[in-house]
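Chemist: Quick one, fold the following:
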Amino acid sequence: MSELKNMPESYWKEKLTPEQYRVCRLKGTERAFSGALWDNHEKGMYECVACGQPLFSSSAKFDSGTGWPSFDSPTDWQNLELHEDNSFFMRRTEVTCKKCGAHLGHLFNDGPRETTGQRYCINSVSLNFRPTEAEHQNS
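Modeler: The predicted structure is shown next:
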């Protein structure tokens, strides 16, 4: 699994768009309400844009009002890594893809209390969305 984490930056510059590279490899952040997926309400799976690892189900997505896709839990805890982030004079928890090391966003403890109480605040540009097929095709 660490093969992707050790790929040279030239590999990522070729694979990702400039904005994806800035966010996923250089730990950038897209502007609030600017990403394609913050207001997506379709059912499906959110995957890492860099490697395709499944990260979040649409059933875990909620409207946080922040302008970024927000989830209360990942699809599989083993697909993410959490790191202490003290940049910009703040204490935050960075969320990265375990398979390729892509920066995804940050984890906060201000999510829905009726579920996990956590908010995975994720950049749209670091995600691909794969819609699920219609559940009731014969209805």
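Chemist: Where does the prediction get shaky in the chain?
Modeler: For the chain, applying pLDDT under 70 flags the ranges 1-2, 88-89, 134-139.
Chemist: can you give me the helices in it?
Modeler: With DSSP state H, the ranges of helices along the chain come out as 2-5, 9-15, 18-24.
Chemist: Out of those, which is the most enclosed?
Modeler: Neighbour counts (mean count of other CB atoms under 10 Å) averaged over each of those peak at helix 18-24, with a mean of 19. Any C-beta I mention is one placed from the backbone N, CA and C, and that applies to glycine too.
Chemist: In terms of secondary structure, what does it contact?
Modeler: helix 9-15, strand 103-108 (3 or more CB pairs under 8 Å, 6 or more residues apart in numbering; DSSP states H and E).
Chemist: still on that earlier bit, now for the helices of the chain, which one comes closest to F71?
Modeler: Among those, the nearest to F71 by CB to CB is helix 18-24 (16.8 Å).
Chemist: Touching the closest one from outside, list them.
Modeler: 12-13, 16, 28-30, 49-50, 102-104, 123, 125-126 (CB atoms under 8 Å, 6 or more residues apart in numbering).
Chemist: Please convert the buried members of those residues into ChimeraX selection syntax.
Modeler: Selecting just the buried residues from the contacts of helix 18-24 in ChimeraX takes one command, with 16 or more other CB atoms under 10 Å as the test:
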select :12,16,30,49,50,102,103,104,123,125,126
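Chemist: could the contacts of helix 18-24 go into JSON lines alongside distance to D72?
Modeler: Output for these, formatted as JSON lines (distance: CB to CB, whole Å):
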{"residue": "W12", "distance to D72": "29"}
{"residue": "K13", "distance to D72": "33"}
{"residue": "L16", "distance to D72": "27"}
{"residue": "G28", "distance to D72": "24"}
{"residue": "T29", "distance to D72": "20"}
{"residue": "E30", "distance to D72": "21"}
{"residue": "V49", "distance to D72": "21"}
{"residue": "A50", "distance to D72": "23"}
{"residue": "A102", "distance to D72": "21"}
{"residue": "H103", "distance to D72": "20"}
{"residue": "L104", "distance to D72": "15"}
{"residue": "N123", "distance to D72": "17"}
{"residue": "V125", "distance to D72": "21"}
{"residue": "S126", "distance to D72": "18"}
